[in-house]
Each structure stands twice: as structure tokens, then as C-alpha cells.
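Peer 1: Below is the sequence, then the predicted model.
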Amino acid sequence: MGTRDQLKTRAREAIDGLSSDLLAISHFIHRNPELAFKEDKAAARLTEALSRAGLPVKTGAYGLRTAFETEFGVTGAPCVALLAEYDALPQIGHACGHNIIATTALGATLALYALGAELPGRVRLLGTPAEERGGGKELMAREGAFEGVDAALMVHPAGVDLATMPCIAVADVDVTFHGRSAHASAAPQAGINALDALVASYQALSALRQHITHTERIHGIITHGGDASNVIPERASGRFGVRAANEAALEKLKKRADACFAAGALATGARAEIDWGSVDYLDLNTCWPLANAYQANAEALGRTFFPMDKLPSTVAGSTDMGNISQRVPSIHPMITSAPAHVTIHNAEFEKWAGSEMGESAAIDGAKALAMTAIDFFLDAELRAASRAAFEGGLT
């Protein structure tokens, strides 16, 4: 077997040789945005590439139609899971750059597979649907997707290179108020205005926002407010996100949000139907020994990282990778795919995700992930440090 540096060189060369095909897949996914649990085209294109390389592929993996899995390597050796995301956002497509995430995971997988008998470990590629809404990784984890995994790796696009993503927990809730319809002019006294109930709840949540910590967030939209201006709405609906630093804090804030919905119903006489999502996204438990290894590999490719301690304390997102990080040692670094002033989840970032800068991120991300997996396989001290950090033995 070659040395660590030799294996890394071979992995990088394999990705360079595959770059045209990888970027074609990235652009295909980018041009064909699909929402959570409906990523049929993306999943088909990714699994086709795996099958063409000779890898066995399981589709519909772990109970999700657009999930997939392939696994190869030395039986009983340390196992690294590489995670692909490929769902998009409503209206603004791949404004989170999931086409890049999918390509980095695919490229790293194919590069490690190309090592053949010299691969010093075991690789499990998981295609994980519904990161934007639905918690595909958590649903797959509940079905055993991460059993036997020693470390989980992925990389996310951003406006800067970061060793990890600042993450907080989030819960989604759909709220529907049921009232009673009436003519808004002829008989308003006969109606119960569901929209009033929703607006009152929205205002109560806005008031609550004044009295939560800097690590907490509440935000939402009205998804249905009635059908005609001269008819008192008998139904009104909204969708909200509630975020907090961790699971315990999230549970407390969810109860306070419930009180706001109850207040809207009580004030108007409407009935509140509150449907919290089946998956709460947890905060990210970054495995710093692994994150540092990833950063060193990305820097070797010419990447420059923004210092984590220089980030504003209010900068934070959420991901279902947080749930996985509570199960196994995990990393979720960020890779520059757009200028620093362009943030994810807006239309401008969607354009950059399909640009030359996005292409560079896809190729470099694949290389850095493959190199980090090789480090993990060959470095017993890194594996021990990663396990100790995960279990709280290191800070």
C-alpha cells in the first residue's frame, strides 16, 4: 500500500480525471431544482454515475424513495460516511448550493473507490434527501443508516471557507386556524375570522422576539390568508421556524411559541391546529480533530480559511447534519462558492452555485473530503482523538 501522501495524490488525480463528468452532474442538478423528497432527477443522475463506475447502489434506501446508498472497502475497517444533499428551495432553486454538496460527496467517493485494494478503510456514501425541510438524515438515521459508521463527512457551500458551520437547533411548525365564514359586509357578526387569529399570533411571536436570547430565532410566513376580501376567512395557515442554541433550549422556546398560537385562538374564538414537524434539527457537535484535518487538507489545495473567532456571534444556520453529529463524530465545513458578501438562501447565491467559483468548490471539496477520509483511515491517533472529542474528552 502506498504512503498517506501517495494515496492522497492518487485521490486528487482521480478527481481531476473525473472533473468533466462531475461538473456536468453538478450543473444538471443545478438546472433541475427539486424540492424535498421529490429529488428524482438528482438521485437518478447520481446513482447512474455510481453504477457506471461499477459500484453497487441501493435506491430507496432506509425508507426514503429518493435516498440511496453504496458501500465498499475493507470489511471491519474504520468506516467513513460521505453525505450528499441535493434538494432545492422553493422559487430560488439551489440557492443553498446542494448541487455542489452532492458533487463533492460523489467525487470523493469515486476517488476513494479508485484506490482499489489499497483503500485503507470502508466508505459508505449516503444520498440524503430533504435537508431544506423534512430532516432526511434524521429519518434515515432512525432506520439504521449510520450504524457501523465511525465518522461522517460533508462540506457545504458558502461565501467563505470555514472549519465548521455555526449551527443552532430548529423546529418547524405549521399552524392552521379554523374559524367560521360569513359575508364580511352583510353579516360580519356571524363570522369567526381565522386570519385575525393568525395575525394576532404572528404579532404575539413578534413581541416574543424582543425577549429571547441572541442564540434564538423565530420567523415565519402566512401560507393562506383567505380566498376573497369580502368573505371572512374560515381558514388561515402559517409556517414558522423556531430556533435555539440546543435541544433543551428549543423545547422551552417551542412552548412559548405554542402560547402565542393559543393566544390568537383565544382572542378570536378560532380553533388552532398546531402541527410541529416530526424532526427537530439539532445543533452541530463539530468534531474538531476531524475539522482541523479537513482544514489542513483544504489549505494544501490553496484554500484560505476565515477565522471562526472573527465571525459575528449572530451568524448561525441549521442543518439535519446536526442530528448526525450527535450520533457519530462529524464535520460540516464550509467552502467558498461565492463572494463573501453573498449569503446562502438568496437568488444571487443560486447563480454563483452554477458558476466557475462553484465548480472550483465542487472539485476542491471532493478532494479535501477524500484526503480527510484517508487521514482518518491511516491515523489511529486521529481516530482516537475524534472519538474522545465526540464523547466530550477534548475541547
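Peer 2: Now that the structure is in, tell me what you want to look at.

Peer 1: use CA for all of it now, contacts and neighbours both
Peer 2: Will do.

Peer 1: just the strands in the stretch 151-300 of the chain please.
Peer 2: 151-153, 156-158, 169-178, 217-224, 235-244, 271-276 (DSSP state E, counting those that start in this stretch).

Peer 1: In the fifth one, which of the residues would be classed as buried?
Peer 2: Looking back up the chat, that one is strand 235-244. Residues of strand 235-244 classed as buried: Arg235, Ala236, Ser237, Gly238, Arg239, Phe240, Gly241, Val242, Arg243, Ala244 (neighbour count, 16 or more other Cα atoms under 10 Å).

Peer 1: do the same with the fourth one
Peer 2: Within strand 217-224, the residues that qualify as buried by neighbour count (16+ other Cα under 10 Å) are Arg217, Ile218, Ile222.

Peer 1: where along the stretch 1-150 of the chain do the strands fall?
Peer 2: 58-59, 68-73, 79-84, 122-127.

Peer 1: So which of the ones you listed is nearest Ala388?
Peer 2: Of all the strands of the stretch 1-150 of the chain, it is strand 79-84 that lies closest to Ala388, at 16.7 Å by Cα to Cα.

Peer 1: Can you list the strands that the closest one pairs with?
Peer 2: strand 122-127 (parallel), strand 151-153 (parallel) (DSSP bridges).

Peer 1: what's the most buried one of those strands?
Peer 2: Counting by mean count of other Cα atoms under 10 Å, strand 151-153 has the highest mean neighbour count of these, with a mean of 26.

Peer 1: Give me the distance from that strand to the chain's centre.
Peer 2: Once both centres are worked out by Cα atoms, centre = their mean, to the nearest Å, strand 151-153 turns out to sit 14 Å from its chain's centre.

Peer 1: and what of stretch 90-101?
Peer 2: With Cα atoms, centre = their mean, you get 11 Å for stretch 90-101.

Peer 1: who wins for proximity to Asn292 among the strands paired with strand 79-84?
Peer 2: strand 151-153 (12.6 Å).

Peer 1: Enumerate the residue intervals of this protein where per-residue confidence is below the cut-off.
Peer 2: The chain contains residues with pLDDT under 70 at 393-395.

Peer 1: Map the structural domains onto the sequence of it.
Peer 2: 4-167+284-390, 169-276 (automatic domain parsing).

Peer 1: Mean neighbour count, those domains: which tops it?
Peer 2: domain 4-167+284-390 (a mean of 21).

Peer 1: on that earlier part again, put together JSON lines for the strands paired with strand 79-84, with distance to Leu7 on each row.
Peer 2: What follows is those, written out as JSON lines (distance: least, Cα to Cα, whole Å):
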{"stretch": "strand 122-127", "distance to Leu7": "15"}
{"stretch": "strand 151-153", "distance to Leu7": "18"}
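
Peer 1: circling back to that earlier point, out of the strands of the stretch 151-300 of the chain, nearest to Asn32?
Peer 2: The nearest among the strands of the stretch 151-300 of the chain, by Cα to Cα, is strand 156-158 at 18.1 Å.

Peer 1: Give me the distance from the closest one to the chain's centre.
Peer 2: That offset, for strand 156-158, works out to 10 Å (Cα atoms, centre = their mean).

Peer 1: Please apply the same query to stretch 158-171.
Peer 2: Chain-centre distance of stretch 158-171: 10 Å, with Cα atoms, centre = their mean.

Peer 1: Put the alpha carbons of it into CSV.
Peer 2: The C-alpha coordinates for stretch 158-171 follow below in CSV (Å, rounded to 0.1, in the frame of the first residue of the first chain):
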residue,chain,number,x,y,z
ALA,A,158,-20.7,29.5,1.5
GLY,A,159,-19.2,32.9,0.9
VAL,A,160,-16.0,31.9,2.8
ASP,A,161,-14.1,28.8,3.8
LEU,A,162,-14.9,27.9,7.4
ALA,A,163,-13.7,24.9,9.5
THR,A,164,-17.4,24.4,10.5
MET,A,165,-20.8,25.9,10.2
PRO,A,166,-22.2,27.9,13.1
CYS,A,167,-25.4,25.9,13.9
ILE,A,168,-28.3,26.1,16.2
ALA,A,169,-31.3,23.8,16.6
VAL,A,170,-34.6,24.4,14.8
ALA,A,171,-38.1,23.1,14.8
